[in-house]
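Engineer: any chance you can model this:
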Amino acid sequence: MSRNARINALLLLVVAALAVLPLVLGSGDHKEEPFAGADAEAETAITEIDPDYEPWFSPLYEPPSGEIESALFAVQAALGAGVLAYYFGVRRGRRQGEERARAEAGARDRTSGAGDPGAARP
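Structural biologist: Numbers count the residues shown, from 1 in each chain. Sure thing, here's the model as predicted:
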């Protein structure tokens, strides 16, 4: 097994552990919604500290349920991942195109004798 394959396997194992360990250890069992977002946690903490607190702003759109909110978040994450993947794909494609063009130019130079200092020139 190569070094890169071992590193990739180790990283995959760490990611799997990060996903499974909170479920196995029962993190959040004492809460009504154990895996609520940070916004909900902050709102709960603020209302415990100051029950009369009034937010400065209200959301532009309030989804009717938590499932719809989660779906919209997933769509947003997918779009962001798509934009990043497109960007990195374009960069890689440009780099490969430049390398191919350099290789073809080098092959042309070798066949025409332009790179040989002893070659006769017209």
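Engineer: what about the longest helix in the protein?
Structural biologist: What stands out as the longest helix in the chain, according to DSSP state H, is helix 66-112.
Engineer: pull the distance from that one to the chain's centre.
Structural biologist: Distance, stretch centre to chain centre, for helix 66-112: 14 Å (C-alpha atoms, centre = their mean, to the nearest Å).
Engineer: same check, this time on stretch 60-77
Structural biologist: 19 Å.
Engineer: show me what counts as buried in it.
Structural biologist: Within stretch 60-77, no residue counts as buried by 16 or more other C-beta atoms under 10 Å. In short, each C-beta sits where N, CA and C put it, glycine included.
Engineer: tabulate the CA atom coordinates of that stretch in CSV.
Structural biologist: Extracted as CSV, the C-alpha positions of stretch 60-77 are listed here (Å, rounded to 0.1, in the frame of the first residue of the first chain):
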residue,chain,number,x,y,z
LEU,A,60,-36.5,37.5,5.0
TYR,A,61,-38.0,34.0,4.6
GLU,A,62,-39.0,31.6,7.4
PRO,A,63,-39.5,28.1,6.1
PRO,A,64,-42.7,26.4,7.3
SER,A,65,-40.8,23.4,8.8
GLY,A,66,-37.4,22.2,9.9
GLU,A,67,-37.3,19.7,7.1
ILE,A,68,-37.7,22.4,4.4
GLU,A,69,-35.1,24.5,6.1
SER,A,70,-32.7,21.5,6.0
ALA,A,71,-33.5,20.8,2.4
LEU,A,72,-32.8,24.4,1.4
PHE,A,73,-29.5,24.3,3.3
ALA,A,74,-28.6,21.1,1.5
VAL,A,75,-29.4,22.7,-1.9
GLN,A,76,-27.2,25.7,-0.9
ALA,A,77,-24.3,23.5,0.1
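Engineer: mean confidence (pLDDT) on it, please.
Structural biologist: Mean pLDDT, computed over stretch 60-77, is 89.
Engineer: list phi and psi for Asp52.
Structural biologist: When quoted as degrees, to the nearest 10, the phi and psi of Asp52 stand at phi -90, psi 10.
Engineer: average model confidence for the one helix or strand Ile7 maps to?
Structural biologist: In the assignment (DSSP states H and E), Ile7 maps to helix 3-25. Here helix 3-25 scores 91 as its mean pLDDT.
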